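> give me a 3D structure for the following:
(4 chains)
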Number of protein chains: 2
Amino acid sequence: MNSKKFFSSIGQYIQLDQKEKDYLNSVLIARPFRSGEIIVERNEPSRFLIFANAGYLMTYYTDRDGVEHVIQFAAEGWWAGDLYSLSESATTPFSTKGLSHGEALLLPRMAQDHLLENFPKFERYFRVMFHKGLMRQQLRYVEGFSASAEERYLSFIKSYPAILKDVPQKYIASYLGITPEFLSKIRKKLSRK
Amino acid sequence: MNSKKFFSSIGQYIQLDQKEKDYLNSVLIARPFRSGEIIVERNEPSRFLIFANAGYLMTYYTDRDGVEHVIQFAAEGWWAGDLYSLSESATTPFSTKGLSHGEALLLPRMAQDHLLENFPKFERYFRVMFHKGLMRQQLRYVEGFSASAEERYLSFIKSYPAILKDVPQKYIASYLGITPEFLSKIRKKLSRK
DNA sequence: CGGTCTCTTGACGGAGTTCAAAGCTAGTGG
DNA sequence: CCACTAGCTTTGAACTCCGTCAAGAGACCG
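Residues are numbered from 1 along each chain as shown, chains lettered A, B, ... in the order given. Now for the predicted structure:
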C-alpha cells in the first residue's frame, strides 16, 4: 500500500512524525474499487473514514423516491464526505461509491479513536478540516438558493475542472441539485454562445 | 456578566476546570443587543465567535440582489453560525443580528487562538462542534433539493418549535429558501386541513 | 393614533421537472 | 477487433412549483 498521498494530504495541516506514520500504515486498509462499485452502503454500520488514494469517489444520499443526491465528490488526495464513523451514530445515511478504477484507504473507527486519544494533533487536524468543510457547505447552501442552475454550473466548472472531465454528467447534475435533462439544456445553451 | 449558560453549553462536551473558566471570564465580552441590531456586518474583520447568552440571533448572507439568506438561527445557549474568526480569512461574508432583546457573548479571535494553544481540550470541543455542524448542514443541503418547501416547513416546525414562535416569518422563509409570500401560502394551505 | 414594517392574497410568469423517445458512448464478450 | 448492449446524453412538449409584482390587511411601536 502506498500511503504517500495520504501523508502529504494530512501534512498540509499537521506535521507527522515517523511513529505516527508507522501507526497509520499499520491500521489503514487498502480498498481497490471499480467504477460504480459501492464501498459503503447507507444504513450500514459507519465504520470508516474513506480517503481517495487513486481515482474518484462520490458520497451521496438516496431520498424517499430513490433519487441519488451527491453530497461530495472526492478526487485523489481528498477525503470522502461520509463523516458518520466519527460520530456516535451506529450507521451512516450516506453511500459512497467509485466513479472510476481506483483505490481507497479506509481508516477504521477504532483507529480514529486511537489517533484522537494518543496523538492530540489529530484533534487539531480534524478540527481544521471540519471547520473548512462547514464554511464551504454553508456557502454552497446559500448558493443553492441565490444562484440559478446555470450560474451554479459555471461556478462548478471553475472550481472543479478535473472532476468535470472524469465524472458522468448525471452526477454533476445531482451535485448541482438539478435533473440530468436540465443540465443538458444548460450546456446546449452555453455552447451556442 | 453571567456566563453560566456559556459554561454549561461547553460543559456538554468537555469538562472545564476553574482555571479555564477564569480565563474565559477574563476574555469574554458582553454585548447587549436589541431586535434588528447588527452585531457583526459582512465584509467587516471577522473578530469574534458569537454566543447567544440571552435572546435570539441570526446569521445571514446577503446576495448580489440584496436578498438576505438565513444561514442559522441561534437561540439562548447556541453559537451563531459565523465561523470566520477561526479561519485565516480576514473578513466574514456573513452578518449577524439580533432578533430580540438579548445579550451576546463575544469570544475574540486572540482568545480563540490562546484557548487552542494552551487548553488542548478546546481543539476537541471545536472538532466535535464543527463535525456535528457539518453533518447537519450536509443533510440540510440534501433536504433543500429533495423535499418540497411545504415538507421543509413541516420539518422546521418539528425541529425548532421555539424559534417558530419568536422569529418573524420572513426570516423563517429565508431559512427555508423560499419567499415570505410563498410561506404564507403554505401556511394557509396547512391551516385548511 | 399615525406610520412603518410584516403578513396575506391573487394574477401572472418563468425556472426547472417529468415523461417519452431517439441518438450516442463505452465496456464486455465472442 | 468488432458487435452488442446497457447506460448515458440529448431533445421536445406539457406541466408544476415557486417567484414576482402589486395591493390590501394586520400588527407593533413611538
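> which residue is the nearest non-sequential neighbour of the residue nearest to the spatial centre of chain A?
By CA atoms, centre = their mean, chain A has its centre lying nearest to A:Ala80, at 2.5 Å. Nearest non-adjacent residue to A:Ala80, counting by CB to CB, 6 or more residues apart in numbering or on different chains: A:Ile50, 4.0 Å away. The way it works is simple: take the backbone N, C-alpha and C, and place the C-beta from them, glycine included.
> next one: A:Arg42
A:Arg42 sits nearest to A:Ser95 (CB to CB, 6+ apart), 4.6 Å away.
> secondary structure element holding that neighbour?
For A:Ser95, the host element (DSSP states H and E) is strand A:94-98.
> chain center to the lowest-mean-pLDDT helix or strand in chain A: distance?
Every helix and strand of chain A was ranked by mean pLDDT, DSSP states H and E. The lowest is helix A:161-166, at a mean of 89. In terms of CA atoms, centre = their mean, to the nearest Å, the centre of helix A:161-166 is found 15 Å from the chain centre.
> need the residues of chain A near chain B, please.
Within chain A, the residues that sit near chain B (CB under 8 Å from any CB of the partner chain) are A:61, A:63-65, A:67, A:69, A:71, A:81, A:83-84, A:86-87, A:93-94, A:116, A:120, A:123-124, A:126-127, A:130-135, A:137-142, A:144-147, A:177.
> so which of these are in helices?
A:116, A:123-124, A:126-127, A:130-135, A:137-142, A:144-146 (DSSP state H).
> are any of those residues buried, and which?
A:116, A:123-124, A:126-127, A:130-135, A:137-138, A:140-142, A:144-146 (16 or more other CB atoms under 10 Å in any protein chain shown).
> list the buried residues for the least confident helix or strand of chain A?
A:Ile163.
> what sits up against stretch A:129-142?
Surrounding stretch A:129-142, the residues in contact under the criterion CB atoms under 8 Å, 6 or more residues apart in numbering or on different chains are A:13, A:79, A:83, B:61, B:63, B:69, B:71, B:81, B:83-84, B:86-87, B:93-94, B:126-127, B:130-131, B:133-134, B:137-138, B:140-141, B:144.
> let me see the contact set for A:Met1.
Residues counted as contacts of A:Met1 (CB under 8 Å, 6+ apart) are A:25, A:28, A:30, A:105.
> for it, give its distance to DNA strand C.
The gap separating A:Met1 from DNA strand C is 24 Å, by CB to the nearest atom of the strand, to the nearest Å.
> hang on, the earlier thing: and the residue nearest to A:Ala80, what element?
Secondary structure (DSSP H and E) places A:Ile50 in strand A:48-54.
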